[in-house]
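> Could you look at this predicted model? Sequence included:
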Amino acid sequence: MGVLGQTARAAALALIVALPARAGEIADFNAQFANAWGQYRDALIHSVPDHADATATREALSAFTSAWRGLELRWSAHPPPQYGEDADFAPELAAIGDVARHAARQTQVNDIEQTHITLQQVRALLADMRRKNGLETYTDQMDAFDEKLAETADDGLDQPELTHDQSITLTEQVAVLMFLAERLEKRAPSGLTDDEHFLTQVEGIASQLRGLWVAVQDGQRAPIIAALSDLRRSFDQFYLSYG
């Protein structure tokens, strides 16, 4: 075998050895992240203003802060392959840790409502990280719906009937929401596709959107506001359960 052949064979063998190692790193990071994410979601849920539990929020935040610190120590200097090209990976991990510690300080003075607002920043930071690195999760689908729902405002509806411009704007916004709701169902993780509770909730959101569509076409202010309010409540619960 010539020198070039030997070199190619060595390179191929190195790749064969490296691929399982890199796959192992991806799995290790994902497992460690999933653990931290579970603690984060507990803190987020326990700090929801309507039924906040200060003690449970503090405990979940303490667990999340500790889990995230472990993730920083393990991965900041040597990012997993899916973030291997991200030069800002370490500062991004540190920024999330800073937000978590700030939220923990807020719980110490029982400012749980503000804690919940602060914790929302973690989702935005993680979404930016994934976007930069060409990654997508189910949470990104939910964030897209949440952002469009926030844009679908009813605070300018001060007359009993919609104006022509309001009707056009709301029709376009609800159409986009219906498209995004369909993606929530079609792009659900495999573990949720047979989950009856999940399917009931996602179908409920689709049904409420159909009702909102009819209300917008009818052009009456009161039914539109009521339908939007119901939709927001349902999606908030869905978001907390599966986001």
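That came through, no problem.
> From residue 179, how far off is the residue most central in space within the chain?
Per C-alpha atoms, centre = their mean, the C-alpha nearest to the average position across the chain is that of residue 139, at 3.3 Å. Separation of residue 139 from residue 179 (C-beta to C-beta, to the nearest Å): 18 Å. Quick note: C-beta positions are derived from backbone N, CA and C, even for glycine.
> And for residue 148?
From residue 148 to residue 179 the distance is 9 Å (C-beta to C-beta).
> Which residue of those two possesses the greater neighbour count?
More crowded of residue 148 and residue 179, by other C-beta atoms under 10 Å: residue 148, with 16 against 13.
> For the helix or strand hosting the more buried one, name the packing helices and strands.
Secondary structure from DSSP states H and E places residue 148 in helix 138-151. Applying 3 or more C-beta pairs under 8 Å, 6 or more residues apart in numbering; DSSP states H and E, one finds that helix 138-151 contacts helix 112-132, helix 164-186, helix 221-242.
> These: which one's closest to residue 56?
Judged by C-beta to C-beta, the one of these that comes nearest to residue 56 is helix 112-132, at 10.0 Å.
> Residue 47 touches residue 112, doesn't it?
Yes - using C-beta atoms under 8 Å, residue 47 makes contact with residue 112 at a distance of 5.2 Å.
> Phi, psi for the closest residue to residue 110 other than its chain neighbours please.
In space, and not counting its chain neighbours, residue 110 is closest to residue 54: 5.6 Å by C-beta to C-beta, 6 or more residues apart in numbering. Main-chain dihedrals, residue 54, degrees, to the nearest 10: phi -60, psi -40.
> and residue 54, how many neighbours?
As a burial measure, residue 54 scores 15 neighbours (other C-beta under 10 Å).
> quick one on the thing from earlier: got the confidence number for the spatially closest residue to the residue nearest to the centre of the chain that is not a sequence neighbour?
Excluding the flanking residues, the one nearest residue 139 by C-beta to C-beta, 6+ apart is residue 243, at 5.4 Å. Residue 243 carries a pLDDT value of 72.
> Against residue 146, how distant is residue 243?
Separation of residue 243 from residue 146 (C-beta to C-beta): 8 Å.
> Same question for residue 74.
Counting by C-beta to C-beta, the separation of residue 74 from residue 146 is 31 Å.
> And residue 199, by the same measure?
Distance, residue 199 to residue 146, using C-beta to C-beta: 20 Å.
> same question, residue 55
As for residue 55, its distance to residue 146 is 28 Å (criterion: C-beta to C-beta).
> Relative to residue 76, how far out is residue 113?
Noted for residue 113: a distance of 32 Å to residue 76, by C-beta to C-beta.
> now what about stretch 109-122, what contacts it?
Applying C-beta atoms under 8 Å, 6 or more residues apart in numbering, the contact partners of stretch 109-122 are 40, 43-44, 47-49, 52, 54, 57, 61, 96, 99-100, 102-103, 106-107.
> Return the set of buried residues in it.
By neighbour count on 16 or more other C-beta atoms under 10 Å, the buried set for stretch 109-122 is 111, 112, 114, 115, 116, 118, 119, 121, 122.
> cool, and stretch 228-236?
228, 231, 232, 234, 235.
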